[in-house]
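1. give me coordinates for this.
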Amino acid sequence: MPANQTRRRHRRITARQQALLADLEALFLSDGFLDYTLDDLAARLRCSKSTLYALASSKEQLAVKVVTHFFRGAAERIEERIAEAVDAPATIREYLAGVADELGRASDRFIADVDAFEPTRATYRFNSHAAAARIREFIAAGAADGVFRDVHGPLVAEFAELLIEQIQNGTVRERTGSSDADAFAALSDLLLGGLRADGEQAKGTRR
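-> All right, here's what the predicted structure looks like:
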């Protein structure tokens, strides 16, 4: 990699660039990004193209940067949300509610654009795998604490990972017409209803 690109990659982002990233994220979540040119974005955000080029060297790289910024911020907010959860069922409920809420901020156009562009689809896929890994951890913790049926835990964790993959790759969206946010909310009900050691649904889930 050329030295100037290395310096750009490691250079600390400025407060102005942080604000610009936030504005781009809000715009992308609302309108998607594939139909925008850099000229369009500069006009919408009332900045110069050189300001955008300071963030990324092309529209494609900018899209990846903004989508990554969204998912990274979402992951941080979700982890903060579950920090006070008192047990594994509450953790799973809050975690998946957080996922649903974060994806609920995204328009159908944004999700479609993320899916249509391989680099951003890979970002979504990476975060979906990370979510599945966290749920595995929560299920294992619940089984260890006796609130989840240990005999079903590993199997349910495997099912959860498969379902998350089907949500991420658009299969659930295509077959049911449900948004990804609604799909994660339903997954929460399914998991908590099936894992409880006492056979009862977790408090706070739909009946």
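2. what about residue 56, which SS state?
-> Under DSSP: H, G, I helix; E, B strand; the rest coil, the three-state class of residue 56 is coil.
3. so which helix or strand takes in residue 133?
-> Per DSSP states H and E, residue 133 falls inside helix 118-145.
4. now find how far off-centre that helix is within its chain.
-> Helix 118-145 has its C-alpha centroid displaced from the chain centroid by 10 Å (Cα atoms, centre = their mean, to the nearest Å).
5. which strands and helices sit next to it?
-> Contacts defined by 3 or more Cβ pairs under 8 Å, 6 or more residues apart in numbering; DSSP states H and E place helix 118-145 against helix 59-82, helix 88-104, helix 108-116, helix 153-168, helix 180-195. C-beta coordinates here come from the backbone N, C-alpha and C atoms, glycine included.
6. list the buried residues for it?
-> Within helix 118-145, the residues that count as buried by 16 or more other Cβ atoms under 10 Å are 120-121, 123-125, 127-128, 131-132, 134-136, 138-143.
7. may I have the residues that are in contact with residue 51?
-> Counting by Cβ atoms under 8 Å, 6 or more residues apart in numbering, residue 51 touches 20, 42.
8. for residue 113, that is, sorry about that
-> Contacts of residue 113 (Cβ under 8 Å, 6+ apart): 28, 32-34, 63, 120.
9. by neighbour count, which of those wins?
-> Compared across the contacts of residue 113, residue 28 has the highest neighbour count, 26 neighbours, by other Cβ atoms under 10 Å.
10. just to check, that one is in contact with residue 111?
-> No: taking contacts as Cβ atoms under 8 Å, residue 28 lies outside contact range of residue 111: 10.8 Å.
11. any stretches of this structure with poor pLDDT?
-> Within the chain, the ranges that satisfy pLDDT under 70 run 1-11, 150-153, 194, 196-207.
12. residue nearest the centroid of it?
-> With distances taken as Cα atoms, centre = their mean, residue 71 lies nearest the centre of the chain, 4.7 Å away.
13. which residues touch it?
-> 123-124, 127.
14. quick one, phi psi at residue 39?
-> The phi and psi torsions at residue 39 (degrees, to the nearest 10) take the values phi -60, psi -40.
15. still on that earlier bit, and the gap between the residue nearest to the centre of the chain and residue 83?
-> According to Cβ to Cβ, to the nearest Å, residue 71 and residue 83 sit 19 Å apart.
16. for residue 146, same thing?
-> 23 Å.
17. next one: residue 176
-> Residue 176 is 32 Å from residue 83, by Cβ to Cβ.
18. again with residue 52
-> Counting by Cβ to Cβ - residue 52 and residue 83 are separated by 35 Å.
19. the two: which has the busier surroundings?
-> Remark: of residue 52 and residue 83, residue 52 carries more neighbours, 21 against 8, as counted by other Cβ under 10 Å.
20. what's the more buried one sitting at in phi/psi?
-> Main-chain dihedrals, residue 52, degrees, to the nearest 10: phi -70, psi -40.
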